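Asks: Predicted coordinates and the sequence they were generated for:
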Amino acid sequence: MLKIANTMSGKKEPFHPARNRNVGMYVCGVTVYDRCHLGHARSAIVFDLIRRYLKYKKYQVRYVKNFTDVDDKIIQRANREGKPWTEIVERYIAAYAEDMKRLGVESADREPRATQYIPDMIRLIKKLIKEGFAYSVNGDVYYQVEKFKGYGKLSKRKSDQSLAGARVEPDERKKNPLDFALWKAAKPGEPSWESPWGPGRPGWHIECSAMSMKLLGKSFDIHGGGMDLIFPHHENEIAQSEGATGEKFARYWVHNGFVNVNQEKMSKSLGNFFTIQEIFEKYKEIGYSQTVTAEILRYFLLSTHYRSPIDFSDQSLDQAKLALNKFYIMFQKLGEKGVKGSADAGLSRSLKTFKTGFTKAMDDDFNTAEAIAELQKLRNEVNNNITLGISKKIATNVERTFLSYGKILGLFQIPLKIWQFEVPVKATAKSLYEALASVTAGTKTPYESRLSEDFEKEINQLVAAREEARKKKNWAEADRIRGELARKGVILEDRPDGTTRVRR
RNA sequence: GGCGGCGUACCCAAGUGGCUAAGGGAGCAGUCUGCAAAACUGCGAUUCGGCGGUUCAAUCCCGCCCGCCGCCUCCA
């Protein structure tokens, strides 16, 4: 039984979609005025995960994630660059798509842009005026918050209270400082659309009401976004949608926690953010392929529960890499020749235990930290049994289990050869983070060259030479070669039977 | 000022009203090994920020205090 923490009730609730196995899910995406940072990545990955798990649970998911493509910041940026606002929008939508692809985040079923739904927003605003929830003043339209009795139910604040110590800027056109804009009259040079109140553009909140209801219906199952959207954005969405329809808007409100740096929220104003692009590019310079970086980030982000804050630091990234290494080392062992299946029965039981444990963890509000712990427990069992001797058949079975359950988390999807257990980073930096912070060009081996045939040949020659030396018990020479390979990022493991396992 | 959250071993991080407080990393001690690596085994919180309360029993429920963070303005 899947349970989801609902911000509305503040509790974990059993998940029951309104229509059988069909789930409608709407997530607030980004305003496209700049590149995304790790915080955006977290949100995207969290909801990608939720969707994957719902699919695993045999739900039919219809996932909508929007782009806010008209907004003050977009206009500002356009003015600053002296470019049309549409160019800014196109640039950052493309950038977003690029980032998501790198992160391995699957596209939503629909990714609507606000400006494509202006007529729907206008209809909605007209309805709100007609129902007495909104009023127009000189080409602006405002939502009259006090008219909606449920206002504040999501963020748990009462409107009059909020006013007391409020930092809301007074605006003489509003009847009440808490009222928010549904439609903004056009200022010269700004993008605008015709409307019954004159040319203008929509307020920020109305787009999500219009698009979610248009694409998912008046009432749908899951509405998500970052914690910071709870107030005012989601509160306002509820006021707009329920004011207009009189029906319950979203049934489960899901909010993810922030990415922090040194215990502080990662944000533009603090200047402590890393863009997704930066992270990928810097990792590439120290020798990581895109998919490797993506898995490290995913592991890092999913090792903490999605609602808790997570601290981005050198250690946490290094730990993620290290932890994943151990899985890939196990995969390498699983791929080696099978032995008699003396430990098969025990492993079969472990597989069953694992599946139950994993599902139980994920059913409990997508507890990925615990799910990962289950994967680690299984890894432990596997390593144990490999020593005892397992058959090829069960090895394949085990591998398939890791791959299919890992896929829900977006892990273990990289071919061994691409994973590269050890990149020669230790010589130049104590940690990945440190390497990230100070990349010196030319001192690292690009990962592409590590996949070349020449590199392969060179390694094989050195390994063969070392074999010779070992046979002659020329330990000094053998160790010298091992050291040379280590500097190239290749680790050797001598097996009891005299053969050598090569980890690159 | 209002609202919400967090504080679990050296680090990361789950969790539960009572059964050994998961898991990982690091550390130490072993097994294996020419050495190393990997893997495995063992050790490590008499204790869950502090003080009270409820309870037969609390780390988990309630209150207060301390510390940290977030939202209340655009924000994933």
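Replies: Good, I have the coordinates.
Asks: Let me know the pLDDT of residue A:162.
Replies: On pLDDT, residue A:162 comes in at 50.
Asks: wait, what's in contact with the residue in the stretch 151-300 of chain A positioned nearest to RNA strand B?
Replies: Nearest to RNA strand B, among the residues of the stretch 151-300 of chain A, is residue A:226, at 1.9 Å (C-beta to the nearest atom of the strand). Where C-beta positions appear, they are placed from N, C-alpha and C, glycine not excepted. Shown in contact with residue A:226 (C-beta atoms under 8 Å, 6 or more residues apart in numbering): A:28, A:39, A:43, A:255-256, A:258.
Asks: show me what contacts the residue nearest to residue A:367 when sequence neighbours are not counted?
Replies: Excluding its sequence neighbours, the residue lying closest to residue A:367 (C-beta to C-beta, 6 or more residues apart in numbering) is residue A:361, at 4.6 Å. Taking C-beta under 8 Å, 6+ apart, we find residue A:361 in contact with A:367-368, A:370-371, A:373-374.
Asks: So for residue A:361, what's the pLDDT?
Replies: On pLDDT, residue A:361 comes in at 96.
Asks: Which helix or strand contains it?
Replies: Element membership for residue A:361, per DSSP states H and E: helix A:344-363.
Asks: So what's the gap between that helix and the chain middle?
Replies: Chain-centre distance of helix A:344-363: 26 Å, with C-alpha atoms, centre = their mean, to the nearest Å.
Asks: after that helix comes which helix or strand?
Replies: For helix A:344-363, the succeeding helix or strand toward the C-terminus, using DSSP H and E, is helix A:368-388.
Asks: what angle do that next one and helix A:344-363 make?
Replies: Computed by axes from the mean of the first three to the mean of the last three C-alpha atoms, to 10 degrees, the angle separating helix A:368-388 from helix A:344-363 equals 170 degrees.
Asks: So what touches helix A:368-388?
Replies: By C-beta under 8 Å, 6+ apart, the list of residues contacting helix A:368-388 from outside reads A:49, A:299, A:302-306, A:323, A:326-327, A:330, A:333-334, A:342-343, A:346-347, A:350-351, A:354, A:357-358, A:361-362, A:364, A:398, A:401-402, A:405-406, A:409, A:411.
Asks: Produce a PyMOL select command limited to the buried residues of these.
Replies: In PyMOL syntax, the buried subset of these is picked out as below (16 or more other C-beta atoms under 10 Å):
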select buried, chain A and resi 49+299+302+303+304+305+306+323+327+330+333+334+343+347+350+351+354+357+358+361+362+364+398+401+402+405+406+409+411
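Asks: and the closest residue to residue A:139 other than its chain neighbours, what does it touch?
Replies: Nearest-residue entry for residue A:139: residue A:185, 3.0 Å, with adjacent residues in sequence omitted and distances by C-beta to C-beta, 6+ apart. Counting by C-beta under 8 Å, 6+ apart, residue A:185 touches A:138-140, A:197-200.
Asks: and if you look at residue A:460?
Replies: Taking C-beta under 8 Å, 6+ apart, we find residue A:460 in contact with no residue.
Asks: what about it, which SS state?
Replies: Following DSSP: H, G, I helix; E, B strand; the rest coil, residue A:460 is assigned to helix.
Asks: quick one, phi psi at residue A:256?
Replies: The phi and psi values for residue A:256, taken as degrees, to the nearest 10, are phi -90, psi 150.
Asks: I meant to write residue A:84 there.
Replies: When quoted as degrees, to the nearest 10, the phi and psi of residue A:84 stand at phi -60, psi 150.
Asks: Distance of it relative to RNA strand B?
Replies: Separation of residue A:84 from RNA strand B (C-beta to the nearest atom of the strand, to the nearest Å): 21 Å.
Asks: Tell me the secondary structure at the nearest residue to that residue once chain neighbours are set aside.
Replies: Excluding the flanking residues, the one nearest residue A:84 by C-beta to C-beta, 6+ apart is residue A:78, at 6.4 Å. When classified by three-state DSSP, residue A:78 comes out as helix.
Asks: returning to what we had before: which of the contacts of residue A:185 are buried, as a ChimeraX select command?
Replies: To isolate the buried members of those in ChimeraX, using 16+ other C-beta under 10 Å:
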select /A:140,197,200
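Asks: can I get the contacts of residue A:185 in TSV with secondary structure, pLDDT and distance to RNA strand B?
Replies: Shown next, in TSV, are the contacts of residue A:185 (DSSP: H, G, I helix; E, B strand; the rest coil; pLDDT from 0 to 100; distance: C-beta to the nearest atom of the strand, whole Å):
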residue	secondary structure	pLDDT	distance to RNA strand B
A:138	coil	92	20
A:139	coil	94	19
A:140	strand	95	14
A:197	coil	96	20
A:198	coil	96	22
A:199	coil	96	22
A:200	strand	96	17
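Asks: picking up where we left off before, from the contacts of residue A:361, which are also near RNA strand B?
Replies: A:367, A:370, A:373 (C-beta under 7 Å from any atom of the strand).
Asks: Quick check: the first one touching residue A:305?
Replies: Pointing back at residue A:367 there. Yes. Look at residue A:367 against residue A:305 with C-beta atoms under 8 Å: they come within range, at 6.1 Å.
Asks: So which residues of the stretch 151-300 of chain A form helices?
Replies: Under the criterion DSSP state H, counting those that start in this stretch, the stretch 151-300 of chain A contains helices at A:159-164, A:204-216, A:235-245, A:276-285, A:290-302.
Asks: any chance of those helices in CSV, plus distance to residue A:501?
Replies: Shown next, in CSV, are the helices of the stretch 151-300 of chain A (distance: least, C-beta to C-beta, whole Å):
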stretch, distance to residue A:501
helix A:159-164, 63
helix A:204-216, 52
helix A:235-245, 56
helix A:276-285, 26
helix A:290-302, 20
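Asks: Make CSV from the ones you listed and add distance to RNA strand B to it.
Replies: Below are these laid out as CSV (distance: least, C-beta to the nearest atom of the strand, whole Å):
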stretch, distance to RNA strand B
helix A:159-164, 4
helix A:204-216, 5
helix A:235-245, 9
helix A:276-285, 12
helix A:290-302, 8
